[in-house]
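Participant: no letters, just coordinates:
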């Protein structure tokens with residue numbers, strides 16, 4: 001069984017070399033604008049519909065401004081605060097009278113001092129840490145972009161604040177050099193665990209944070225074992241809802257209006273059926289984003305909250 005993000009919403013005809021060249025250029029621009037060495041699989045899956053993918057990015061890119069950078073950084077910090085609070089407070093416990101009660105205290109946020117990291121070489125450990133840093137830093141940005149694209153696919157116009165702002169910093173940070181792209185398939189020993197974790201999280205698509213660490217199956221297993229009790233708590237449910245609301249607030253703070261020319265896209269082949277399928281697909285991906293942010297923040301905390309050198313971006 002596979003619950004990983006699908007590579008396509010449906011199977012439109014094969015693309016022309018020109019379409020592939022345009023998609024390559026858009027993805028390269030996206031990587032440098034979002035400051036990440038790879039394209040998140042959730043975003044990449046939309047590229048199976050190049051008309052929407054390129055138009056949606058063209059509508060979104062002008063909003064990669066100071067408000068976007070500050071808003072997504074605050075969203076990332078909110079995910080960290082939520083993870084630390086969940087681990088500190090602990091899950092609700094049942095009192096003798098049958099009413100739910102929160103524990104007065106609980107375990108501190110876990111750290112990775114266990115056997116999984118002890119088995120890694122220094123090079124492997126350093127690559128794992130940089131991978132988690134990159135996923136954690138990008139997760140809030142991807143969440144806001146996906147929320148914008150979902151609204152666009154539903155024919156909603158996002159008005160923008162109308163304020164002029166400087167663009168956010170561009171360029172992939174040097175500390176991500178060598179990370180390359182994430183593998184399209186998972187190691188066999190990690191496949192079943194990732195699927196079980198996805199189902200345990202109540203999702204139909206795997207959080208990218210889990211896919212990203214599947215190259216280190218023992219760390220994946222230990223991290224999931226640490227995280228599982230938190231995912232069953234009321235605090236976890238509250239945190240996912242809170243992050244979803246915060247992402248909406250970031251989207252509303254962006255300066256430029258976002259809309260698509262549906263008559264033009266329709267004439268070029270983006271049918272109404274495909275638009276509806278895209279909306280459903282993006283809504284499914286968006287539902288997983290708050291969970292992905294919490295999982296990424298959890299992994300970052302487990303590794304000791306490492307800060308990348310220089311400007312993380």
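Facilitator: Sure thing, it's come through. Computed from a prediction, not measured in an experiment: that's the story for all the values here.
Participant: need the helices for the stretch 1-150 of the chain, in chain order.
Facilitator: For the stretch 1-150 of the chain, helices defined by DSSP state H, counting those that start in this stretch occupy the ranges 17-34, 41-45, 50-60, 66-89, 115-118, 122-153.
Participant: worst mean pLDDT among these?
Facilitator: Out of the helices of the stretch 1-150 of the chain, the stretch the model trusts least by mean pLDDT is helix 115-118, with a mean of 81.
Participant: same for that helix, what does it pack against?
Facilitator: When contacts are defined as 3 or more C-beta pairs under 8 Å, 6 or more residues apart in numbering; DSSP states H and E, helix 115-118 sits against helix 217-231. For glycine as for every other residue, the C-beta is placed from the backbone atoms N, C-alpha and C.
Participant: what's the following helix or strand after the helix it packs on?
Facilitator: Sequence-wise, the next helix or strand downstream of helix 217-231 (DSSP states H and E) is helix 234-252.
Participant: contacts for the very next helix or strand once past that next one next, please.
Facilitator: Using DSSP H and E, the helix or strand that directly follows helix 234-252 along the chain is helix 262-267. For helix 262-267, contacts defined as C-beta atoms under 8 Å, 6 or more residues apart in numbering pick out 51-52, 55, 155, 270, 272, 275.
Participant: what's the burial count for residue 257?
Facilitator: Around residue 257 sit 14 other residues, with neighbours defined as other C-beta atoms under 10 Å.
Participant: report how many residues lie close to the closest residue to it other than its chain neighbours.
Facilitator: Of all residues not flanking residue 257 in the chain, residue 160 sits nearest, at 4.2 Å (C-beta to C-beta, 6 or more residues apart in numbering). A count of neighbours around residue 160, defined by other C-beta under 10 Å, yields 18.
Participant: with residue 280 instead?
Facilitator: Using other C-beta under 10 Å as the criterion, residue 280 is surrounded by 14 other residues.
Participant: how far away is it from residue 28?
Facilitator: Here residue 280 is placed at a distance of 28 Å from residue 28 (C-beta to C-beta, to the nearest Å).
Participant: centroid residue for this structure?
Facilitator: When C-alpha atoms, centre = their mean is applied to the chain, the residue found nearest the centroid is residue 139 (3.7 Å).
Participant: now do the same contact list for that one.
Facilitator: With C-beta under 8 Å, 6+ apart, residue 139 has these contacts: 76, 79, 208-209, 289, 292-293, 296-297.
Participant: same check on residue 187?
Facilitator: Counting by C-beta under 8 Å, 6+ apart, residue 187 touches 214-215, 217.
Participant: kindly report the same for residue 68.
Facilitator: 141, 144, 168, 250, 254.
Participant: roughly how far apart are the third one and residue 69?
Facilitator: Applying C-beta to C-beta, the value for residue 168 to residue 69 is 4 Å.
Participant: pretty sure residue 208 sits against residue 39.
Facilitator: No. In this structure residue 208 lies outside contact range of residue 39 using C-beta atoms under 8 Å: 10.5 Å.
Participant: who's more crowded, these two?
Facilitator: Remark: of residue 208 and residue 39, residue 208 carries more neighbours, 26 against 21, as counted by other C-beta under 10 Å.
Participant: could you list every residue that touches the more buried one?
Facilitator: 5, 40-42, 135, 139, 142, 182, 292, 296.
Participant: hmm, which of these are the buried ones?
Facilitator: 5, 40-42, 135, 139, 142, 182, 292, 296 (16 or more other C-beta atoms under 10 Å).
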